[in-house]
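Undergrad: how would this look folded up:
(one chain, ligands or ions: 1)
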Amino acid sequence: MPVILMIIHSPQPWREVNKSEDRFYEGNIEAWRALEDAYKAGKLRAIGVSNFLEGDLDNIIENCEIKPMVNQILAHISNTPFELIEYCQANDIVVEAYSPIAHGEAFKNEAIKAMAAKYGVSVAALCVRYTLQLGTVSLPKTANPDHMRDNANVDFVISDEDMEALRNIEHIKDYGEHSFFPVYGGSF
Ligand SMILES: NC(=O)c1ccc[n+]([C@@H]2O[C@H](COP(=O)([O-])OP(=O)(O)OC[C@H]3O[C@@H](n4cnc5c(N)ncnc54)[C@H](OP(=O)(O)O)[C@@H]3O)[C@@H](O)[C@H]2O)c1
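TA: The predicted structure is shown next:
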């Protein structure tokens, strides 16, 4: 049975991501060609990338045979890379929004809490719905079955006006104890 999806986790070594100017274009082409081979051999059903910026995607698109099918990126209310999402969507690359609940920080944000209360939904559901309305695949993580049910409770629509308000919510700057991870430490 083939693996459903395999992705390159990051265009650069994770600890240095977006800190060094070296985008490792050659290495990414080599890694991508290995994924292409596995895909063509039927071992993988889909191949993609993660944390790739526009230039990293162009490197693959211009030099390789198969376009990335997925780009998995950090995207949540207050920290959404709109231009990158649009670029992926214009190139038929599915965007997966990781940490859609801001790694839990959204629960502490008063503006997000107020918007969730307005719709009568949980903060988590509002966050997931926001990423869905951006046309992304939302990747909330939970180990709790009740939370899982809550995260699937997205059968409501955030109005255009409220989406605009959520797009402009002040950036969450502090991810607390998790800030040491490059992704929450400002590398994205
Ligand atoms: N590609 C990458 O570089 C990358 C980087 C980071 C993360 N990711 C992936 O993205 C996924 C999610 O990321 P994440 O864990 O950072 O952030 P997240 O999904 O935004 O937040 C997870 C946190 O929210 C809590 N939570 C989830 N649903 C909840 C609910 N309905 N009510 C209350 N609490 C809830 C979870 O605790 P409980 O378990 O207690 O519910 C956990 O503490 C993971 O699969 C991860 O592997 C990918």
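
Undergrad: per-residue confidence for the closest residue to residue 135 other than its chain neighbours?
TA: Leaving aside its chain neighbours, residue 135 sits nearest to residue 89 (6.1 Å; criterion: CB to CB, 6 or more residues apart in numbering). All C-beta atoms are positioned from the backbone trio N, CA, C, and that covers glycine. Residue 89 carries a pLDDT value of 98.

Undergrad: is stretch 93-109 anywhere near the ligand?
TA: Yes: Stretch 93-109 comes into contact with the ligand (CB under 6 Å from any ligand atom), by way of 98, 99, 100, 101, 102, 103, 104.

Undergrad: Dump those into JSON lines; add pLDDT and neighbour count as well.
TA: Below are these laid out as JSON lines (pLDDT from 0 to 100; neighbours: other CB atoms under 10 Å):
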{"residue": "98", "pLDDT": "98", "neighbour count": "21"}
{"residue": "99", "pLDDT": "97", "neighbour count": "25"}
{"residue": "100", "pLDDT": "98", "neighbour count": "28"}
{"residue": "101", "pLDDT": "98", "neighbour count": "25"}
{"residue": "102", "pLDDT": "96", "neighbour count": "23"}
{"residue": "103", "pLDDT": "95", "neighbour count": "19"}
{"residue": "104", "pLDDT": "95", "neighbour count": "15"}
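
Undergrad: picking up where we left off before, check the burial of the residue nearest to residue 135 by counting its neighbours.
TA: Here the number of neighbours of residue 89 (other CB atoms under 10 Å) works out to 15.

Undergrad: try residue 57
TA: Neighbours around residue 57, by other CB under 10 Å: 21.

Undergrad: so how many other residues sit close to the residue lying closest to residue 140 once chain neighbours are set aside?
TA: Residue nearest to residue 140 in three dimensions, not counting chain neighbours: residue 151, with 4.6 Å by CB to CB, 6+ apart. By other CB under 10 Å, 21 other residues sit near residue 151.

Undergrad: and what of residue 37?
TA: By other CB under 10 Å, the residues close to residue 37 number 11.

Undergrad: quick revisit: what's the distance between the residue nearest to residue 135 and the ligand?
TA: 18 Å (CB to the nearest ligand atom, to the nearest Å).

Undergrad: Whichever helix or strand that residue is part of packs against which elements?
TA: Using DSSP states H and E, residue 89 sits within helix 82-90. Here helix 82-90 touches helix 54-63, strand 70-74, strand 94-98, going by 3 or more CB pairs under 8 Å, 6 or more residues apart in numbering; DSSP states H and E.

Undergrad: Show me what it is in contact with.
TA: Helix 82-90 is contacted by residues 53, 54, 57, 71, 73, 75, 94, 95, 134, 135, 136, 167 when judged by CB atoms under 8 Å, 6 or more residues apart in numbering.

Undergrad: Which of the helices and strands packed on helix 82-90 sits closest to residue 188?
TA: Of all the helices and strands packed on helix 82-90, strand 70-74 sits nearest to residue 188, with 4.9 Å by CB to CB.
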